[in-house]
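Novice: sequence-free structure coming up:
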């Protein structure tokens with residue numbers, strides 16, 4: 001378990017930060033951007049949880065922990081024979097998301113249009129979490145082009161945005177309260 005006794009270190013005052021390996025990088029480094037956006041996604045999930053009920057809240061609680069796992073995974077570059085093996089997102093975490101997506105989606109009314117964020121507060125925040133997790137996915141995808149990373153991390157964030165979409169529909173009375181896009185409605 002991590003123990004923080006001091007919140008500020010002054011180590012970042014010149015625009016640098018430390019990765020999990022101890023390596024110092026710019027605060028705008030692509031890896032830092034990726035795990036920072038994962039953290040931003042996690043903060044939005046916290047907002048969703050203020051408006052969620054038991055079963056959905058249970059899923060979101062687990063996701064918040066998984067997002068910290070993903071951030072820990074991303075902040076530790078791949079290296080051969082590390083002294084302390086880093087935490088990595090697992091295939092089982094991805095597979096759990098897939099099962100949850102399939103279970104929730106089976107209960108939803110079929111889509112007849114694209115959906116606009118809204119309907120309920122929980123759904124609106126879930127759509128915000130979806131879009132921010134998609135941004136994290138784009139950053140992780142760009143990182144994959146530059147460095148080796150755990151492929152399960154990219155798979156996880158890709159599935160997560162899909163789960164947020166079906167959860168948004170689920171909390172909108174299984175799609176009955178979805179706000180539908182009407183192409184050209186305001187012409």
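Specialist: Done, it's in. Since the structure is predicted, the reported quantities are computational estimates derived from the model, not experimental observations. Numbers count the residues shown, from 1 in each chain.
Novice: Give me the contacts around the strand or helix carrying residue 67.
Specialist: According to DSSP states H and E, residue 67 maps onto helix 54-74. Residues outside helix 54-74 that contact it (C-beta atoms under 8 Å, 6 or more residues apart in numbering): 20, 31, 34-35, 38-39, 41-42, 45-46, 48-49, 52, 86-89, 93, 100, 122, 140, 143, 149-150, 153, 156-157, 160, 163, 167, 170-171. Using the backbone N, CA and C atoms, a C-beta is placed for each residue, glycine as well.
Novice: Any buried residues in that helix, and which?
Specialist: By neighbour count on 16 or more other C-beta atoms under 10 Å, the buried set for helix 54-74 is 56, 59-60, 63-64, 66-74.
Novice: can you check stretch 135-143 too?
Specialist: The neighbour-count check on stretch 135-143 (16+ other C-beta under 10 Å) flags 135, 136, 137, 139, 140, 143 as buried.
Novice: Can you name the residues in contact with that stretch?
Specialist: 30-31, 33-34, 37-38, 40-41, 74, 149, 153-154, 157-158, 161.
Novice: and of those, the nearest to residue 112?
Specialist: Nearest to residue 112 among these is residue 161, at 21.3 Å by C-beta to C-beta.
Novice: Do me a favour and get the end-to-end distance for stretch 80-97?
Specialist: 29 Å (C-alpha to C-alpha, to the nearest Å).
Novice: Okay then, goodbye and thanks.
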